[in-house]
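Visitor: dropping the sequence and predicted coords here.
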Amino acid sequence: MSATANPPSPSGIETDGDRVRFTGRVLFLYDSPDAIREQLDGIDLPWDRERARIDNISTDEITPGWVCFYFDETLGEYSLVGLRGGAIGRNDLANGGFSVVVSGRSKGCGSSRETAPYSELAAGVRLVIAESVEKIYGQNCQNIGLLTSTDLGLVDRILAGEWIPRAEFTHGLDPVARAIIERGGLFAYNRARLAGEESPPQPATPARAMTLVEKIIARHAIVDATTGETGAIAVKPGDAVFVRTHVRFSHDYTTAMAQAAFKAALGAQARVTEPETVFAFRDHLTFLPLVMSDAHKEMGLDVQSALLGTIQRAFCEEQGIRLYDEKPDGSGSEAICHNAVLEDLGLPADIVVGTDSHTCTAGALGAFAFGVGSTDMANTWYTNDIRVTVPESVRLELIGHLDEGVSAKDVMIYIMSLPFFRDSRAIGTVLEFGGPAVASLSLDERATLTNMAVEAGATTGIIEPDEVVLAHLAQLRPGLSVDGLRDRLLAADVDARYIERFEIDLDALVPMVATPGDPRNGIPLTSLDREIRIDIAYGGSCTGGKMADMDMYAAVLRTALDKGRQVADGVDLYIQFGSQRIKQYAIERGYLDLFAAAGAHVIDPSCGACIKAGPGVSTSADQVTVSAINRNFPGRSGPGQVWLASPLVVAASAIVGRIASPDEI
């Protein structure tokens, strides 16, 4: 396998000055496996704008987790093999001669994995058309030279063989994004930038009222590219700036691809800038050998996945990067990346970037934290800055108090079920949580809110830091003091502008679940019109493996034991820690004995089942899981159906044997 992440040579597209013409076929991802199969078999179906197309195609469907073990053009062989309905197999997209793919809303939702658009590009696709394109996926497309559009009117013009001005694909974009597309990708742009041939616009917005994220961006915006000076007077939505980063991290799925891009663009001797602010994590694939299928082993994926770790360790040693590795005694990983950022690395008002969409978890600290692709990470390793288009913000005012049995997970499932989020109107925004109820939430519960902002389509979530955050940081990190952190306490201006405001009354909330297929499928648990028997209950991941989550599992299981009940027959309950510190917290409180007495399987720290890489995954389509993870896209945690719920509901369901609330024990 070639260890390169250079985009493949273009085909299926012709260029004439500032115009392009697509010479390949158009694949319509109609909401019918038979229709997709017909096209793959060589039949060109007519374009029917009114016919239903597949919505919410996640990056898990474009490149399922096992496909991400590759990081070169091999990805093109497996593009879209995880698409619901099972119509697309190995090399089907690549052998079909398609240069354009057309789908429905919210293309590229879910993970930030750059393998998804890269696989499409490697399979010959040159243009993705969808009613809406998710932010990280869209930026990854820009970075590698894959064109995107939300203009369905282009389809008829493409089918007619029309030459299309390149400006059609840059209309409405900021100057940096436009220049990246015109240059053919991020590295081509940055070569021109470093050579003085491209000059990104300098921040020029006059003083104005700002949201919390706008204030952080303004504080760290680079105002002089020559000296690296930072600090703009103000920014506004749409401004294109480069900002200095404070924490940059990648994990074992992504480090290999990022380092390949880094060296391919800058040379084998390229060095990471300020490696003391760069971190790597062996956290996603720790327990993969326990669940890898024989079929995948026969494909050599056990060897391929191990190679990711080998490359990561070598790169970290070469570059002087701190690696949060697996524990030598076999007791799991040191920490899931997002938990470690909360515990060890992030601070209020920081800029945190990571090659994972749930980087937004650190927004609970009051940091501007967001996921990026491998090419963006490779770039920031060298420049220590990252491009940002200042996003619009949505204000979520939390009032009231959570009743017993209701948690932050229920809050997020409820929020995502609102039409604004279900209809993809939050794509690329910031969810800014505020209001009097925030003060009553622990840092862990706040982290659940920000962690799942990306499931709502947002770039990130953020919460104004307060004394709760400062006290937590001072307790966790020797050397930090509450007084020393106070200059990092930023808050949105009272007259800041938001594109939408919501008031969320916590008093009115009830336990929620998200039905299989999408985290935005939220419904009240009480609205279930039938019993949903379960096979698996999973409590873990960055979302459901925190200290507060352990408290919730323990509270429910203790009640069950007091009533003489244990995990129901036929149900497997898995509880997994997000870090070694969280595991130690559980040990000190006697939770391990409690979990064991209740019949739960305890798993050492790692991502695991959330990414279909550890105990707790389903193995057949008829299995039903209730899970505390953050997303339930098709195939994400195995072939079975996944319902999302709070840690309280997960534990209660394990006891009852069906999806149930704690008061049903």
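Guide: Okay, I see it.
Visitor: and the strands in the stretch 451-600 of the chain?
Guide: Secondary structure of the stretch 451-600 of the chain (DSSP state E, counting those that start in this stretch): strands at 460-463, 500-505, 512-514, 522-524, 536-539, 572-576.
Visitor: show me what the longest helix anywhere in the chain is packed against.
Guide: Determined from DSSP state H, the single longest helix within the chain is helix 301-319. Contacts defined by 3 or more C-beta pairs under 8 Å, 6 or more residues apart in numbering; DSSP states H and E place helix 301-319 against helix 255-266, strand 278-281, strand 322-324. (C-beta placed from N, C-alpha, C; glycine too.)
Visitor: with mean pLDDT, mean neighbour count and distance to Ile399 added, can I get the strands of the stretch 451-600 of the chain in a markdown table?
Guide: Listed next are the strands of the stretch 451-600 of the chain as a markdown table, based on pLDDT from 0 to 100; neighbours: other C-beta atoms under 10 Å; distance: least, C-beta to C-beta, whole Å:
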| stretch | mean pLDDT | mean neighbour count | distance to Ile399 |
| --- | --- | --- | --- |
| strand 460-463 | 98 | 30 | 15 |
| strand 500-505 | 98 | 14 | 6 |
| strand 512-514 | 98 | 26 | 18 |
| strand 522-524 | 98 | 17 | 19 |
| strand 536-539 | 98 | 30 | 29 |
| strand 572-576 | 98 | 26 | 32 |
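Visitor: any chance of these in JSON lines, with distance to Ile158 too?
Guide: Shown next, in JSON lines, are these (distance: least, C-beta to C-beta, whole Å):
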{"stretch": "strand 460-463", "distance to Ile158": "34"}
{"stretch": "strand 500-505", "distance to Ile158": "34"}
{"stretch": "strand 512-514", "distance to Ile158": "36"}
{"stretch": "strand 522-524", "distance to Ile158": "37"}
{"stretch": "strand 536-539", "distance to Ile158": "44"}
{"stretch": "strand 572-576", "distance to Ile158": "47"}
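Visitor: pretty sure Arg113 is touching Ser250, no?
Guide: No - contact criterion C-beta atoms under 8 Å: Arg113 and Ser250 do not qualify, at 11.5 Å.
Visitor: wait, a helix at Leu285?
Guide: No - according to DSSP: H, G, I helix; E, B strand; the rest coil, Leu285 belongs to no helix; its state is coil.
Visitor: pLDDT wise, what is the residue lying closest to it once chain neighbours are set aside at?
Guide: Excluding its sequence neighbours, the residue lying closest to Leu285 (C-beta to C-beta, 6 or more residues apart in numbering) is Asp252, at 5.1 Å. If you check Asp252, the pLDDT there is 94.
Visitor: please name the residues that touch Asp252.
Guide: 280-285, 308-309, 312 (C-beta atoms under 8 Å, 6 or more residues apart in numbering).
Visitor: before we move on, the earlier item: of all the strands of the stretch 451-600 of the chain, which one is nearest Leu290?
Guide: With C-beta to C-beta as the criterion, Leu290 lies closest to strand 572-576 of the strands of the stretch 451-600 of the chain, at 11.6 Å.
Visitor: okay then, goodbye and thanks.
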